[in-house]
Structures are given as C-alpha cells and as structure tokens.
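S.K.: No letters, just coordinates:
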C-alpha cells in the first residue's frame with residue numbers, strides 16, 4: 001500500500017495563489033488532485049466494504065492480529081486525565097492482566113462512564129476505567145471476539161464500548177451486527193431514571209447517537225452514517241420477530257425442508273429452504289438455510305419467516321409476514337428526524353436559572369429563582385402576572401383621572417368665578 005502513496009510536493013515558494021505558468025504551482029496542484037483522488041478511492045472502498053458486510057467473519061484478519069485502535073485519539077481528554085489520575089487505575093488496573101481485568105469488570109453494576117465521588121464531583125466509574133485500560137491493552141482479534149460472545153453481559157457491553165471508542169468506523173458493522181439482534185433486557189444505568197432496554201437497542205444507540213450519557217463518542221462520517229441508518233431502521237422489527245419466532249422455533253424449525261424467506265441487512269427478501277434444525281439456547285438462535293442460489297448460511301430467526309402455503313399472512317404475525325416495507329420505515333425515520341429538528345413548546349432555548357459553582361472541591365447548584373416561585377405551575381404564574389398588570393393599569397388610570405380633575409379645577413374653576421365677577425361689574429355699570 002505504501003508503494004501506491006502519492007509523493008508529497010511542497011507548496012510553491014514564490015506564489016500564494018496558483019500561477020498556471022509556474023512549474024512549482026502546477027506540480028503542487030497535480031499533487032493535490034492525486035491526493036484527493038486517493039482519499040476518495042479509500043472512502044469509496046470503505047463504503048463498499050460496509051455495504052458488502054454479509055460475510056463478516058474473518059474480514060479483520062487472523063485471530064492473533066492486533067486490533068487497530070485509530071479512534072482512541074478521540075477519547076475525551078478531560079475524562080482521560082481523570083482516569084489516569086484515579087487511584088483505582090494507578091494502583092489496580094496498571095498491574096493487572098486481561099483475566100484479572102475481566103474479573104474486576106464483572107463486579108461493575110452499571111455502564112455509566114461517571115459516578116459521584118466522595119466530594120460529590122463527577123469521577124470516572126470503574127467500568128469506563130477498565131474500558132480505557134482495555135483500549136490500551138492492544139487486544140487481538142480473537143480476544144475481542146471472545147469478549148463479544150462472553151457469558152457476562154457487562155463484559156459484552158465493555159466490548160461494545162471498546163469497538164465504538166477505538167476501532168475504525170469501517171469495522172463497526174463487522175463486529176456489532178450480530179449483537180443488534182440480542183433481545184435480553186437489562187438496566188444499563190441503574191442510578192438514572194431509565195427504563196429497561198434490550199442489549200440490541202443498547203448497541204443501536206451506540207451507533208446512532210453522538211454521546212454516551214454525557215460522554216462524546218467518535219464522529220461517524222455522513223456517508224457511512226447514512227448506510228448504517230438505512231440498515232438499523234429494520235432492526236426494531238427484527239427484534240420483535242425474533243421474540244415471536246422464539247415461541248414457535250421448536251415446533252416450526254426443528255426439521256429440515258421448511259420453505260422460508262430470508263431478509264437481508266438491506267431489506268431484500270430471498271426465498272430458501274431450511275437444511276437443518278435451529279441452534280440451541282435463547283440467545284442468537286440461527287437456522288441453516290439454503291437460498292435459491294444454492295448458497296447455505298446460518299440465518300438469525302429475527303430475519304426469517306415461514307410464509308403460509310395458502311392465502312396471505314396476517315400482517316401482525318411477524319413469523320409469517322414481512323411486516324412494514326423498508327421504504328415506509330425509512331420515510332418514518334426521515335419524518336421523525338425533521339420533527340426533532342424543529343423547535344417545539346415554550347421552553348425552547350430557555351434559561352432555567354440554574355448555575356453550577358465549584359469551590360473548595362465541592363459542587364454547588366445555585367438558582368436565581370426562589371423555591372416558592374419554582375414550584376408554581378406555569379399557567380398559574382401567567383394568570384397571576386396578568387392580574388397584577390391589570391391592577392397596576394387600573395391604579396395608573398385612577399391616578400391620571402385625579403390629576404386631570406385637579407388641573408380642571410385649578411384652571412377652569414378660576415375662570416368661571418372670574419368671568420362671573422366681571423359680568424356683574426358690567427351690569428351694575
């Protein structure tokens with residue numbers, strides 16, 4: 001690959017702008033064009049590998065090869081400094097081998113990256129500290145795949161974080177596609193008011209969101225994010241179908257010769273026939289299927305339906321029906337993204353009055369609003385404000401009337417009395 005790299009040509013030392021008559025300017029312009037073409041070819045090749053991610057096993061090389069971690073440089077600097085300065089990292093993790101770190105990881109009860117320390121300041125959790133240590137441990141392909149298939153859920157979640165934070169985005173789908181089908185539910189953040197979520201949804205949010213709690217994640221290129229979103233929109237239906245097929249897998253997929261239809265990761269359906277029984281267990285159950293092009297593959301039951309021999313299937317029965325069309329799901333996703341981009345409600349970009357103050361190693365939260373005012377309902381507060389304004393307006397109006405009456409009495413009243421006296425004087429005269 002190094003033989004095909006374009007040799008760097010420095011900028012022209014005579015001209016700031018491109019001069020077509022200068023040989024140095026022309027050489028630098030040719031170098032820039034060649035470099036841009038090389039970058040575009042690399043980008044296109046990466047997208048092609050992402051689209052053709054069906055045969056994922058073995059793409060990354062042998063099990064003894066070290067997994068490159070190019071995204072490790074984007075790990076949040078502040079959090080990195082806190083981890084390296086923590087006593088847990090310096091005294092325990094630095095001297096532990098892989099097995100000891102995995103044992104320590106199983107003692108973690110949460111996937112939160114930060115917890116409240118002794119002085120109430122946010123401190124790195126043991127979970128994220130171990131993840132950071134594993135990122136720098138230079139895991140092999142085989143070791144990383146063992147973490148992805150470990151029996152402990154917290155170990156698998158750590159492997160998901162290692163991939164999202166360290167591995168290049170071209171390999172996200174290769175490593176994480178199978179985990180998207182896991183339907184086992186858990187609470188990843190027990191200390192926060194969050195509901196249960198499936199393991200597959202946990203992985204999906206790692207791929208679709210830019211932040212993990214308050215921790216920023218490495219950016220995914222726009223073109224690759226578009227391909228990921230087009231695939232991930234199907235996985236909510238896949239997980240529902242997996243749960244439905246799990247109830248009938250023993251009676252329906254225990255023998256070979258069942259006519260089925262298989263959905264690909266891109267939403268395309270292909271007919272086929274089962275050539276064996278379903279795998280054992282309840283996690284990542286697969287069925288061996290021979291497709292119409294004579295290719296055999298193990299298909300996850302979330303991507304598998306057995307259409308009825310006669311008539312049409314009930315659209316609510318995902319074990320028989322294809323469900324919603326891929327294009328309809330994409331349209332709903334785009335509409336939801338447009339709605340989220342619009343400002344809604346009265347509190348858009350509204351200052352809450354809350355300020356964070358740190359002094360003497362302690363964190364304090366201050367507010368400009370008094371407690372009794374914060375507890376009031378917004379509608380009641382607005383009604384009280386309107387009544388107060390109306391009262392002030394009426395008082396000002398009454399004061400103006402009194403002032404006007406005094407002015408009238410001063411000037412008009414005196415002229416009447418003066419006018420009357422002059423009339424009497426004239427009549428007597």
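M.R.: Good, I have the coordinates. This is a predicted model, so every value here is computed, not measured. Numbering: from 1, shown residues only.

S.K.: From what I see, residue 141 and residue 64 are in contact.
M.R.: Yes. With contact defined as CB atoms under 8 Å, residue 141 and residue 64 form a contacting pair (7.4 Å). All C-beta spots, glycine's among them, are computed from the backbone N, C-alpha and C.

S.K.: More neighbours: which of those two?
M.R.: residue 141 (18 against 9; other CB atoms under 10 Å).

S.K.: how far does the helix or strand containing residue 203 sit from the chain's center?
M.R.: Using DSSP states H and E, residue 203 maps to helix 199-208. Using CA atoms, centre = their mean, to the nearest Å, the mean C-alpha position of helix 199-208 is found 8 Å from that of the whole chain.

S.K.: For that helix, enumerate the helices and strands it packs against.
M.R.: helix 153-166, helix 172-176, helix 222-232, helix 235-252 (3 or more CB pairs under 8 Å, 6 or more residues apart in numbering; DSSP states H and E).

S.K.: How far away from the center of its chain is the second one?
M.R.: Think helix 172-176. Using CA atoms, centre = their mean, the offset of helix 172-176 from its chain centre is 16 Å.

S.K.: likewise the last one?
M.R.: With CA atoms, centre = their mean as the basis, the distance from the averaged C-alpha position of helix 235-252 to the chain average is 26 Å.

S.K.: circling back to that earlier point, now tabulate the helices and strands packed on helix 199-208 in JSON lines and tack on mean neighbour count, mean pLDDT and distance to residue 318.
M.R.: Converted to JSON lines, those look like this (neighbours: other CB atoms under 10 Å; pLDDT from 0 to 100; distance: least, CB to CB, whole Å):
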{"stretch": "helix 153-166", "mean neighbour count": "22", "mean pLDDT": "95", "distance to residue 318": "25"}
{"stretch": "helix 172-176", "mean neighbour count": "21", "mean pLDDT": "93", "distance to residue 318": "23"}
{"stretch": "helix 222-232", "mean neighbour count": "16", "mean pLDDT": "91", "distance to residue 318": "18"}
{"stretch": "helix 235-252", "mean neighbour count": "17", "mean pLDDT": "93", "distance to residue 318": "4"}
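
S.K.: With distance to residue 32 as added columns, please give those in a markdown table.
M.R.: Formatted as a markdown table, those follow (distance: least, CB to CB, whole Å):
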| stretch | distance to residue 32 |
| --- | --- |
| helix 153-166 | 31 |
| helix 172-176 | 30 |
| helix 222-232 | 21 |
| helix 235-252 | 41 |
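
S.K.: and residue 274, which of those helices is closest to it?
M.R.: With CB to CB as the measure, helix 235-252 is the member of those nearest residue 274 (9.4 Å).

S.K.: who touches the residue lying closest to residue 266 once chain neighbours are set aside in this structure?
M.R.: Spatial nearest neighbour of residue 266, chain neighbours left out: residue 231 (6.6 Å); criterion: CB to CB, 6 or more residues apart in numbering. Contacts for residue 231 (CB atoms under 8 Å, 6 or more residues apart in numbering) come out as 173, 265-266.

S.K.: And for residue 248?
M.R.: Residue 248 sits in contact with residue 319, where contact means CB under 8 Å, 6+ apart.

S.K.: One more: residue 278?
M.R.: Counted by CB under 8 Å, 6+ apart, residue 278 has contacts 249-250, 253-254, 285-287, 301.

S.K.: switch the cut-off to 7 Å
M.R.: By CB atoms under 7 Å, 6 or more residues apart in numbering, the contact set of residue 278 is 249, 253-254, 285, 287, 301.

S.K.: need those in a markdown table with distance to residue 119, can you?
M.R.: Formatted as a markdown table, the contacts of residue 278 follow (distance: CB to CB, whole Å):
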| residue | distance to residue 119 |
| --- | --- |
| 249 | 53 |
| 253 | 57 |
| 254 | 60 |
| 285 | 48 |
| 287 | 55 |
| 301 | 50 |
